[in-house]
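Novice: structure here, sequence nowhere to be found:
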């Protein structure tokens, strides 16, 4: 592990926690949380998924899956691999937990080696590596800060040196912290969110590009907040809207090279990102406002990433933002 990169990642994680602590103090002063009516959750798959009320928990940023009282479901036990990504190599930023972990597992089940880029959640990353390796594939862990373009280039170079190729880039790392008003949103917080959520995607795509060949894929994680906005996530929603536009623009830019670029726009998903943002009272009702009245589990998102990564499945699809939101028409 590169000591300077580890220090930089730890510094960023500390900065995120500082912003979180400032917002938490404000929330305690305001005491504006109100209980919401619960409704029966829609269950449309092979098994039932957790629905509100969920555990009342608040995580320290950047949020570790190992600390969650209700662990996210990512194993996708009913998903059977068929070699859709056989012999390929993927990089997943934010790959240690949540959606990134679920995607890493299914990519491995489809035959790909996986590199996980993450900030400093080492315990989560090690667990994800165990699951990837249990599928018979290689897994490389690369801690660091995607805001740094030099780190992004070194990360890509390490992956190519280790696995000999790069076929798929999943941009998934994100920072999120709510704010009730525009006045609360500091320059520091806005800058951190922008630099992580959109600059990081740009840096990783630029670093990866010279290694991507015809048939390669870039998949960006957008959000329903980028489609509809969110009154309490002003900066986060802004970055997600930018990611959607970046996806469509980059798709047009790279089409002649045979490289597809798409995005997935999740609704509420049970990952560490949200308990590390919302209050315990809010997180108890997380996902209740969707038409399904529950949040998604990561394993309900990961097949969409396999679909967009595999040219066997989606060779005629580029520049789309695929909503997976739990609501009708979104």
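Specialist: All right, it came through fine. What you see is a predicted model, and the numbers here were worked out from it, not measured in a lab.
Novice: CA only for contacts and neighbour counts going forward, please
Specialist: Noted.
Novice: which residues sit in contact with the closest residue to residue 39 other than its chain neighbours?
Specialist: Leaving aside its sequence neighbours, residue 39 sits nearest to residue 293 (CA to CA, 6 or more residues apart in numbering; 6.4 Å). Contacts of residue 293 were listed using CA atoms under 8 Å, 6 or more residues apart in numbering, and they are 38-42, 51-52, 287.
Novice: in PyMOL, how would I select the buried members of those residues?
Specialist: This is the PyMOL syntax for the buried subset of those, where burial follows 16 or more other CA atoms under 10 Å:
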select buried, resi 41+51+52+287
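Novice: dihedrals phi and psi, residue 321?
Specialist: phi -120, psi 110 (degrees, to the nearest 10).
Novice: all helices of this protein, in order?
Specialist: 3-30, 98-109, 122-134, 149-163, 187-194, 200-209, 224-228, 234-254, 280-283, 302-309, 311-314 (DSSP state H).
Novice: returning to that earlier point: out of the contacts of residue 293, which comes closest to residue 71?
Specialist: residue 51 (13.0 Å; CA to CA).
Novice: roughly how far apart are the closest one and residue 41?
Specialist: 6 Å (CA to CA, to the nearest Å).
Novice: for the two, list the residues in contact with both.
Specialist: Residues touching both residue 51 and residue 41 (CA under 8 Å, 6+ apart) are 288, 293-294.
Novice: circling back: which of the helices of the chain sits most buried?
Specialist: helix 98-109 (a mean of 28; mean count of other CA atoms under 10 Å).
Novice: now do it, average pLDDT.
Specialist: Per-residue pLDDT over helix 98-109 has a mean of 98.
Novice: packing partners of that helix?
Specialist: Here helix 98-109 touches strand 89-93, strand 113-118, helix 122-134, helix 302-309, going by 3 or more CA pairs under 8 Å, 6 or more residues apart in numbering; DSSP states H and E.
Novice: quick one: which of these is nearest residue 240?
Specialist: Nearest to residue 240, of those and by CA to CA, is strand 89-93 at 15.5 Å.
Novice: what's the closest one packed up against?
Specialist: Applying 3+ CA pairs under 8 Å, 6+ apart, one finds that strand 89-93 makes contact with helix 98-109, strand 113-118, strand 168-171.
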